[in-house]
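> With the input below, show me the fold.
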Amino acid sequence: ESTFIPQISKLQDTEDNNWDEYLQAVVFAYNSGIHKTTKYSPYELVYGRPPRLPIHTRPSHFSFHKPSDYFTQLQNTLRIYHRAAKYNIIHQQQMNKNRYDQNRPDPHYNIGDKVLTRIYGARGKLDPKFSPIPKIIISTNHPTYIVKDTQTGIQFQIHVADLRPIYIN
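Sure, this is the predicted structure:
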């Protein structure tokens with residue numbers, strides 16, 4: 001949806017609500033374009049070949065020894081395309097993860113460490129993001145921890161992203 005709307009809005013007339021006149025062309029452009037992640041077009045992944053445009057010449061003949069040869073060849077081609085696309089997706093995801101993790105801290109806490117916890121809910125711009133009351137780590141299973149409120153004794157589970165270390169004696 002979010003891919004098609006900007007493309008259609010570029011094409012439609014501002015006075016007329018004629019977006020539907022461009023929908024088929026926009027969908028075809030999307031389906032025939034090579035996607036960055038898979039390195040294949042959706043058309044190729046469905047039909048096992050690049051899309052043929054009106055400007056392309058048609059092949060003069062196909063030669064198959066048996067009628068089922070085409071189907072077998074198509075199955076093999078699709079299997080190869082899908083395997084390669086899956087590899088490309090996994091590779092791209094790993095690259096994205098590595099880039100994301102490159103400058104991200106990954107703090108680990110030990111039992112007994114004192115931490116501050118993120119305050120959720122409505123708060124003003126100048127209100128603190130973290131509770132001023134220290135909590136104590138009582139159980140670790142990184143990235144989730146069980147913390148205990150030092151005043152109330154209440155225990156709760158919290159993700160490492162919602163913790164900040166404090167250094168007090």
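
> what's the following helix or strand after the helix or strand of the chain with the lowest mean pLDDT?
Using mean pLDDT, DSSP states H and E, helix 4-11 stands out as the lowest-scoring helix or strand of the chain, at a mean of 80. Of the helices and strands lying after helix 4-11 in sequence (DSSP states H and E), the nearest is helix 20-32.

> Check which helices and strands that next one is in contact with.
helix 4-11, helix 42-47 (3 or more Cβ pairs under 8 Å, 6 or more residues apart in numbering; DSSP states H and E). The way it works is simple: take the backbone N, C-alpha and C, and place the C-beta from them, glycine included.

> Tell me the secondary structure at D127.
Using DSSP: H, G, I helix; E, B strand; the rest coil, the structure places D127 in coil.

> Now do the least confident helix or strand of the chain against helix 20-32, angle only.
Using axes from the mean of the first three to the mean of the last three Cα atoms, to 10 degrees, one finds that helix 4-11 and helix 20-32 are set 130 degrees apart in direction.

> Show me the contact partners of helix 4-11.
Counting contacts by Cβ atoms under 8 Å, 6 or more residues apart in numbering, the residues outside helix 4-11 that touch it are 19, 22-23, 25-27, 29-30.

> Show me how to select, in PyMOL, the buried members of these.
In PyMOL, this line selects whichever of those come out buried by 16 or more other Cβ atoms under 10 Å:
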select buried, resi 22+26
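
> Please spell out which residues along the longest helix seen in the chain are buried.
Among the elements of the chain assigned as helix by DSSP state H, the one spanning the most residues is helix 68-101. Of the residues in helix 68-101, 78, 81, 85, 88 count as buried by neighbour count, 16+ other Cβ under 10 Å.

> now do stretch 101-116
Result for stretch 101-116 [16+ other Cβ under 10 Å]: buried residues 109, 113-116.

> who's in contact with it?
Residues contacting stretch 101-116 (Cβ under 8 Å, 6+ apart): 130-132, 134-140, 142, 145, 147, 160, 163-166, 168.
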